[in-house]
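Asks: The following block contains a protein sequence and its predicted model.
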Amino acid sequence: MDKFSGQKRAGAYLYPPIEAFDQRMIDMGDGHQIYVEQAGNPNGAPVVVLHGGPGGGCSPAMRRYFDPEVWRVILFDQRGCGRSRPHASVENNTTWHLVDDIERIRTDLGIEKWAVFGGSWGATLALVYAQACPDHVAYLALRGVFLATERELNWFYGGGASAFWPEQWARFRDLVPVEEQDDLIGAYHRRLFSGDLMEETRFARAWAAWENALASIESDGHAGEAPAEYARAFARLENHYFQNRAFLDESQQILSNLDKIAHIPGVIVQGRYDMICPPQSAYLLNQGWREGRLQMVRAAGHALSEPGISFELVRVMRQLGQNHGKYGL
């Protein structure tokens, strides 16, 4: 019997927790070792899950969006975070290193073509990877689209979102002197990489708290204090990527290269009230992506755990799993 319940209350529609059947470290040969795991059906349709951040890491909960009898689920911790090593390191850590890592994982696991599932930064990485390696992507399942443009960074770190969350913005902004507040990414960068562990941790927790407070539509603005080790990796990596504008050649790179993925089918699941990655980016992506379909979720924000977001993602992957042969999976 299909384990998908079809009920739209929190957690009811997710598949039961499943154990990983394979866990390994892959040495990338440049100082980084990447943690990779597989769960579900070893002979099933392959799907790689790209976590957010950068720096968020993968979790067992991410396995629950896939029928374990149908899918071979591959998750990994991107460079510098989770169980990958060295922890919180930005050396040899760019978007293009991550694209190479994804390809290395694919070839090591003997996969010719797979579905790619990613949200937020994971959606950014999924799109960049698909544009670089279109012959190996059968389907794109994206959530909370972030295109790594200057417009989006200005929205979140330049005061746009502050119109909705002024108290949380003030706490985030006022940790740095007034004369540095016109470039908060740069101001935080100097402190997250100061070499003073206490200062780095303090600013890392503030960086993470600003984002976490806005993640859910149900948020009351109190995100809690993230564990020091997690916060430091998350904030340093995310800030490193944003300081370098995701290492893309130009701000509109993803939209400018949609012809490379025009033939790849996929879906965009987007919360209507996403405060971190507003719907404009999902709309623009959908307008230029011939085979993409936009599913706007009302009364939902950014987080993967939002009931409406999770419901749609499980539904999409359930339908794809039932027809995976049609997509060459």
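Replies: Received it, and whenever you're ready, just let me know what you need. Numbering: from 1, shown residues only.

Asks: Run through the strands of the protein in chain order.
Replies: Assignment of strands within the chain using DSSP state E yields the ranges 20-27, 33-40, 45-50, 71-76, 114-119, 137-143, 266-271, 292-297.

Asks: Quick one: closest of those to L329.
Replies: Taking Cβ to Cβ as the criterion, strand 45-50 is the member of the strands of the chain that comes nearest to L329, at 3.9 Å. Using the backbone N, CA and C atoms, a C-beta is placed for each residue, glycine as well.

Asks: Run through the neighbouring helices and strands of the closest one.
Replies: Identification of packing neighbours for strand 45-50 by 3 or more Cβ pairs under 8 Å, 6 or more residues apart in numbering; DSSP states H and E yields strand 71-76, helix 95-108, strand 114-119, helix 121-132.

Asks: List the strands paired with that strand, with their directions.
Replies: Sheet pairing here is set by DSSP bridges, and for strand 45-50 it gives strand 71-76 (parallel), strand 114-119 (parallel).

Asks: Pipe the helices and strands packed on strand 45-50 into a markdown table and attach mean pLDDT per row.
Replies: What follows is the helices and strands packed on strand 45-50, written out as a markdown table (pLDDT from 0 to 100):
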| stretch | mean pLDDT |
| --- | --- |
| strand 71-76 | 98 |
| helix 95-108 | 98 |
| strand 114-119 | 98 |
| helix 121-132 | 98 |
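
Asks: For the closest residue to W114 other than its chain neighbours, the count of nearby residues, please.
Replies: Taking Cβ to Cβ, 6 or more residues apart in numbering as the measure, W114 lies nearest to P46, with 4.0 Å between them; neighbours along the chain are not counted. Here the count is done by other Cβ atoms under 10 Å, and P46 has 24 residues near it.

Asks: Could you tell me the per-residue confidence at P46?
Replies: At P46 the predicted local distance difference test score is 98.

Asks: Ok, T149 next?
Replies: You'll see T149 listed with a pLDDT of 97.

Asks: In JSON lines: the strands of the chain, plus distance to E306.
Replies: Converted to JSON lines, those look like this (distance: least, Cβ to Cβ, whole Å):
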{"stretch": "strand 20-27", "distance to E306": "25"}
{"stretch": "strand 33-40", "distance to E306": "23"}
{"stretch": "strand 45-50", "distance to E306": "17"}
{"stretch": "strand 71-76", "distance to E306": "20"}
{"stretch": "strand 114-119", "distance to E306": "11"}
{"stretch": "strand 137-143", "distance to E306": "9"}
{"stretch": "strand 266-271", "distance to E306": "6"}
{"stretch": "strand 292-297", "distance to E306": "7"}
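
Asks: Tell me which of those strands approaches Q280 most closely.
Replies: Each of the strands of the chain was checked against Q280 via Cβ to Cβ, and the shortest separation belongs to strand 266-271, namely 9.9 Å.

Asks: who does the closest one touch, helix- and strand-wise?
Replies: Applying 3+ Cβ pairs under 8 Å, 6+ apart, one finds that strand 266-271 contacts strand 137-143, helix 280-288, strand 292-297, helix 307-322.

Asks: Check the average confidence over it, would you?
Replies: Summarised as a single mean, pLDDT over strand 266-271 is 98.

Asks: Tabulate the strands paired with strand 45-50 in TSV, adding columns for mean neighbour count and distance to Y13.
Replies: What follows is the strands paired with strand 45-50, written out as TSV (neighbours: other Cβ atoms under 10 Å; distance: least, Cβ to Cβ, whole Å):
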stretch	mean neighbour count	distance to Y13
strand 71-76	25	16
strand 114-119	26	16
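
Asks: Put together JSON lines for those, with distance to Y283 on each row.
Replies: Formatted as JSON lines, these follow (distance: least, Cβ to Cβ, whole Å):
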{"stretch": "strand 71-76", "distance to Y283": "29"}
{"stretch": "strand 114-119", "distance to Y283": "17"}
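
Asks: mind checking which of these is nearest W155?
Replies: With distances scored as Cβ to Cβ, the stretch of those nearest to W155 is strand 114-119 (17.5 Å).

Asks: send the alpha carbons of the closest one over as CSV?
Replies: What follows is strand 114-119, C-alpha atoms only, in CSV (Å, rounded to 0.1, in the frame of the first residue of the first chain):
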residue,chain,number,x,y,z
TRP,A,114,19.1,11.4,-11.8
ALA,A,115,16.4,13.7,-10.5
VAL,A,116,17.7,16.8,-8.6
PHE,A,117,15.8,18.0,-5.6
GLY,A,118,16.8,21.3,-3.9
GLY,A,119,15.4,24.2,-2.0
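
Asks: closest to L98 out of the strands of the chain?
Replies: strand 45-50 (8.6 Å).

Asks: and for the closest one, what are the contacting residues?
Replies: Outside of strand 45-50, the residues that reach it under the criterion Cβ atoms under 8 Å, 6 or more residues apart in numbering are 58, 62, 66, 70-76, 78, 102, 105-106, 109, 111, 113-119, 121-123, 125-126, 129, 141, 317, 321, 324, 329.
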